[in-house]
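Novice: After the sequence you'll find the predicted model.
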Amino acid sequence: MRTSTVRRVGLSVAVAAALTSVAACGGSDKGGSDGAAVSKAQPIAALLAVQKKTGGANSAKVEGTTSMGSTMSMKQTGSLDWSDGISGVMEIKYTGGTMADAMKQIGGGGTMQARYFKDGYAANMGDAFAQQTGGKHWINYSYDDLAELSGASGEVMKDQMQNTTPDQGVKALLASGDVKKVGQEDVRGVTATHYSGTVDVAELTTKNSELDADQLAAFKKQLSDAGVSTEKVDIWVDKDDLLVKKTERGQMKTGELNSTVFYSDYGTKVSVERPPASDSVDFKELLKQQQGASGSAS
């Protein structure tokens, strides 16, 4: 295997980003919004209802775009179920950045399918990739393996991936203590109420995660190195208290973070199957093969 380890790790992060853009950065909510509700009772009360209704809907269709500076830009469409962990299928199209270049270098056409499960996810890398792996099209990524390989940032990503639901954007605004009602707007033909706020990413992650002090320090350093500090989060809610649109905006050293996601068909049936073992390779095993090939060549 001659494709670089860094590229494979990057692809795992890109597939993760396709899912985590469904939520707002900051991981799962552990119930830290009571103080904010005291100071801004009206929008907070409304958002608490949205959080409950959207979170309890269990599944939805999602469609969105995400860009992370010069690293990548992509479109994603699919369906997710969060009734018992996260599961679902997403079609991801890389439209620019270094990740699109990486896909081209391993023979991909810029489009892949990702399947998400409670304990990890799988990505179909295409026929050209299969020619390099004995006919195997899929890479399986375990959340535990990614956390182990990535350290503190991996633990945060694991938490986010396992708690990525549409109502996380609502929870982020609740926990931030900075939220206001903007007004009524049209979202794809639906009349929706627009709410907006600013989220301190590191503070929210600290508040809502179960990382130890060393892991939090390492994660905050990573955010600082990337130039990430705050995000502007906007959500639009329909008359049934269901989230229909969410945007995130922030600044990174590599450029702007920009995510827009639309939600529809709440309660839709989601069916996802694990790729056949005969057509799959585990990410950790792929790294071992890579390292073995590098050692033989040196």
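Specialist: Okay, I see it.
Novice: Who are the contact partners of G255?
Specialist: Contacts were defined as CB atoms under 8 Å, 6 or more residues apart in numbering; by that measure G255 touches S67, M68, G69, S70, T71. C-betas here are computed from N, CA, C, even on glycine.
Novice: you'd agree S73 is in a strand?
Specialist: Yes - according to DSSP: H, G, I helix; E, B strand; the rest coil, S73 belongs to a strand.
Novice: Next, count neighbours for it.
Specialist: When counting by other CB atoms under 10 Å, one arrives at 19 neighbours for S73.
Novice: in terms of contact, does it touch G97 like I think?
Specialist: Yes - if you go by CB atoms under 8 Å, S73 and G97 touch, sitting 5.3 Å apart.
Novice: Which residue, other than its chain neighbours, is closest to the most centrally placed residue in the chain?
Specialist: Closest residue to the average C-alpha location of the chain: T20 at 1.1 Å, with CA atoms, centre = their mean. Nearest non-adjacent residue to T20, counting by CB to CB, 6 or more residues apart in numbering: Q160, 5.1 Å away.
Novice: sorry, back to before: the residue nearest to the centre of the chain reaches M161, doesn't it?
Specialist: Yes - counting by CB under 8 Å, T20 does reach M161; the two are 6.6 Å apart.
Novice: show me the contacts for the closest residue to S280 other than its chain neighbours.
Specialist: Nearest residue to S280, sequence neighbours excluded (CB to CB, 6+ apart): W138, at 4.2 Å. When contacts are counted by CB under 8 Å, 6+ apart, W138 touches A122, A123, N124, M125, P275, D279, S280, V281.
Novice: Output these in TSV; the columns should cover secondary structure.
Specialist: As requested, those are exported to TSV (three-state DSSP):
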residue	secondary structure
A122	strand
A123	strand
N124	strand
M125	coil
P275	coil
D279	helix
S280	strand
V281	strand
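Novice: What subset of those residues is buried?
Specialist: Neighbour-count burial (16 or more other CB atoms under 10 Å) is assigned, among the contacts of W138, to A122, A123, N124, M125, P275, S280, V281.
Novice: Go through those residues and name the one nearest D144.
Specialist: A122 (14.8 Å; CB to CB).
Novice: For stretch 118-130, which outside residues touch it?
Specialist: Counting by CB under 8 Å, 6+ apart, 11-12, 15-16, 19, 84-87, 106-109, 112-115, 136-146, 161-162, 274-275, 280 sit against stretch 118-130.
Novice: Make a ChimeraX selection of the buried ones in these.
Specialist: Applying 16+ other CB under 10 Å to the contacts of stretch 118-130, the buried members can be selected in ChimeraX as follows:
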select :11,12,15,16,19,86,87,106,108,112,113,114,115,136,137,138,139,140,141,142,143,145,146,161,162,275,280
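Novice: The contacts of stretch 118-130 in strands, which ones?
Specialist: Among these, the ones falling in strands (DSSP state E) are S87, M112, Q113, A114, R115, W138, I139, N140, Y141, S142, S280.
Novice: circling back: include pLDDT and distance to T268 when you put the contacts of W138 into CSV, please.
Specialist: Formatted as CSV, these follow (pLDDT from 0 to 100; distance: CB to CB, whole Å):
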residue, pLDDT, distance to T268
A122, 94, 21
A123, 90, 23
N124, 91, 22
M125, 86, 27
P275, 96, 22
D279, 97, 27
S280, 95, 27
V281, 92, 31
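Novice: In the stretch 1-150 of the chain, mark out all the helices, start to finish.
Specialist: 5-20, 34-39, 41-55, 97-105, 127-130, 143-150 (DSSP state H, counting those that start in this stretch).
Novice: again with the stretch 151-298 of the chain
Specialist: 152-162, 168-176, 201-208, 213-226, 283-297.
Novice: Out of these, name the one with the poorest average pLDDT.
Specialist: Mean pLDDT per stretch puts helix 201-208 lowest among the helices of the stretch 151-298 of the chain, at a mean of 57.
Novice: and the gap between A130 and M68?
Specialist: Taking CB to CB, to the nearest Å as the measure, A130 falls 28 Å from M68.
Novice: Neighbour count for those two, which is higher?
Specialist: M68 (24 against 17).
Novice: If we ignore the residues flanking it in sequence, what's nearest that one?
Specialist: Nearest to M68 is L257, by CB to CB, 6+ apart, at 5.5 Å.
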